[in-house]
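Colleague: quick one, fold the following:
(chains A and B, ligands or ions: 2)
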Amino acid sequence: MSDHKTIKITVLRYRPEEEDAPTEQTYEVEFRDDWVVLDALNHIKDHIDGTLSFRWSCRMGVCGSCGMMVNGEPKLTCAAMLRDYYPKEVRVEPLVNFPIVRDLVTDMTDFMDKLKAVKPWIIREEEKPVSEGEYRQTPDQLKDYKQFSQCINCMLCYAACPVYGLEHDFVGPAAIALGHRYNLDSRDEGIQQRQHVIASKEGIWECTYVGECSVVCPKHVDPAEAIQQTKVATTTNRFKSLVMPWGNKT
Amino acid sequence: MMLDSETTKTYTRPISKAWWLRDRGHFNRRYFMFLLRELTSVFVALYVVLFIYEIFLLTKGPDAHAAFRESLNSGPWIAFHIIALLFALYHSYTWLGLTTKMQAAGRGLVKIGTKTLPPILIALGSYGAWIVATIIIAYLFLTL
Ligand code: SF4
Ligand code: FES
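Modeller: Ligands and ions are numbered 1, 2, ... in the order given. Below you'll find the model as predicted:
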């Protein structure tokens, strides 16, 4: 291998049946200019150590399953180029703020529960029959929420959020952004059913605006923006219903 | 993956008390600036206490008040005022900067017709209003 360039990959390992706390393991792999961190992990699994566990699927930044900490930062490993780190060694850890199941695999049950709680689907007071056709929408109405609909549930924002790390009840960036996405959708009538989750103490008011969620988001969803927008909208609506109690309450 | 917490032994990593200084071996400037912004409230609160005390002294007569003002002319007090001012400026600047967030790509909260007002205008408007208000208050204090 002497004429090949190599790079050191240090991985956090946790094998619950063997150890009580994670340990580290360093692998030396061939360095290829066009490899992403995920390629190096797959190379390790295929050729060096088949016991290493991690999640991935699409290899193209769509499925959201390959999120890990790369040198301390939450990243999609299928989009993190090795050459951006070379010749320094690369440290890969499971996403922080989530319990580790094995090696680089985390338990995402908490996120799944929160996602479900914000009801991320179109809610109608009354469904119209299929024969009446689809619910139509103008391009302008689509623009209102499109950015927030780009989320791939990769949970990088949860790993970046110190509030979520310290306060696990926090609904968190992506779930709030997705709830907000449906609240902004002209076809949706479910805002009342989401408010008790989103506009609550564990929802938007837990956010102290660190802003790191938006920095790490690979899809430019800008969850921090969704949260701030909801704060302003909720406050103005409360205020309106105080001074105009006869008005439309939301 | 949904887990049965009864049968799965997961490991939860502890969070260091100094997470805002050293985040897994790296300095994260944004975490630090965030904590600094939280800290601004301490200095604002201290200044308010000082201010209320000064108003209280006014009720004790002009001499007590003048003596107090005189004592503020010492180095440490001047340093405190400068630090408190910097913190207050940082707080207001970042707070008003947030107003752009209610505008950007999603549905802007301030609209003219169907057009969302550009975030930069909202920010400039907020900073402008802040500067004008500061000038008016400074003018009132210095002339009255
Ligand atoms: S908001 Fe962004 S960082 Fe968070 S889960 Fe969605 S895509 Fe990932
Ligand atoms: S493997 Fe699907 S996002 Fe990286």
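Colleague: for the rest of this, base every contact and every neighbour count on C-alpha atoms.
Modeller: Noted.
Colleague: write out the residues of chain A neighbouring ligand 1.
Modeller: A:151-157, A:174, A:217-219, A:221, A:223 (CA under 6 Å from any ligand atom).
Colleague: count of neighbours near residue A:196?
Modeller: By the criterion of other CA atoms under 10 Å in any protein chain shown, residue A:196 has 14 neighbours.
Colleague: quick check: which element contains it?
Modeller: In the assignment (DSSP states H and E), residue A:196 maps to helix A:191-198.
Colleague: buried ones among the residues of chain A next to ligand 1?
Modeller: Using 16 or more other CA atoms under 10 Å in any protein chain shown as the burial test, those include A:151-157, A:174, A:217-219, A:221, A:223 as buried.
Colleague: sorry, back to before: Throw the residues of chain A next to ligand 1 into TSV and include pLDDT and distance to residue A:92, thanks.
Modeller: Shown next, in TSV, are the residues of chain A next to ligand 1 (pLDDT from 0 to 100; distance: CA to CA, whole Å):
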residue	pLDDT	distance to residue A:92
A:151	97	23
A:152	97	21
A:153	97	20
A:154	98	16
A:155	98	16
A:156	98	14
A:157	97	17
A:174	97	23
A:217	97	18
A:218	97	18
A:219	97	21
A:221	94	24
A:223	94	25
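Colleague: what about the worst-scoring helix or strand of chain A on mean pLDDT, distance to the chain center?
Modeller: In chain A, no helix or strand scores lower on mean pLDDT, DSSP states H and E than helix A:223-243, which sits at a mean of 85. What separates the centre of helix A:223-243 from the centre of its chain is 23 Å, taken as CA atoms, centre = their mean, to the nearest Å.
Colleague: just the CA atoms of it, as CSV, please.
Modeller: C-alpha atoms of helix A:223-243 as CSV (Å, rounded to 0.1, in the frame of the first residue of the first chain):
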residue,chain,number,x,y,z
PRO,A,223,-36.1,25.1,11.0
ALA,A,224,-35.1,28.1,13.1
GLU,A,225,-37.0,30.3,10.8
ALA,A,226,-40.1,28.1,11.1
ILE,A,227,-39.9,28.4,14.8
GLN,A,228,-39.5,32.2,14.8
GLN,A,229,-42.4,32.6,12.4
THR,A,230,-44.6,30.5,14.5
LYS,A,231,-43.6,32.5,17.6
VAL,A,232,-44.6,35.7,15.9
ALA,A,233,-47.8,34.3,14.4
THR,A,234,-48.9,32.7,17.7
THR,A,235,-48.2,35.9,19.7
THR,A,236,-50.1,38.2,17.2
ASN,A,237,-53.0,35.8,17.1
ARG,A,238,-53.2,35.6,20.9
PHE,A,239,-53.0,39.4,21.0
LYS,A,240,-55.7,39.7,18.4
SER,A,241,-58.0,37.4,20.3
LEU,A,242,-57.4,39.4,23.4
VAL,A,243,-58.3,42.8,21.9
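Colleague: quick one: residue A:114 is in a strand?
Modeller: No. Residue A:114 sits outside any strand when classified using DSSP: H, G, I helix; E, B strand; the rest coil, being helix.
Colleague: list the contacts for it?
Modeller: A:171, A:175 (CA atoms under 8 Å, 6 or more residues apart in numbering or on different chains).
Colleague: got a list of what the residue lying closest to residue A:156 once chain neighbours are set aside touches?
Modeller: Leaving out its chain neighbours, the residue that sits closest to residue A:156 by CA to CA, 6 or more residues apart in numbering or on different chains is residue A:74, at 5.4 Å. Residue A:74 is in contact with A:67-68, A:95, A:156-157, A:159-160, A:216, counting by CA under 8 Å, 6+ apart.
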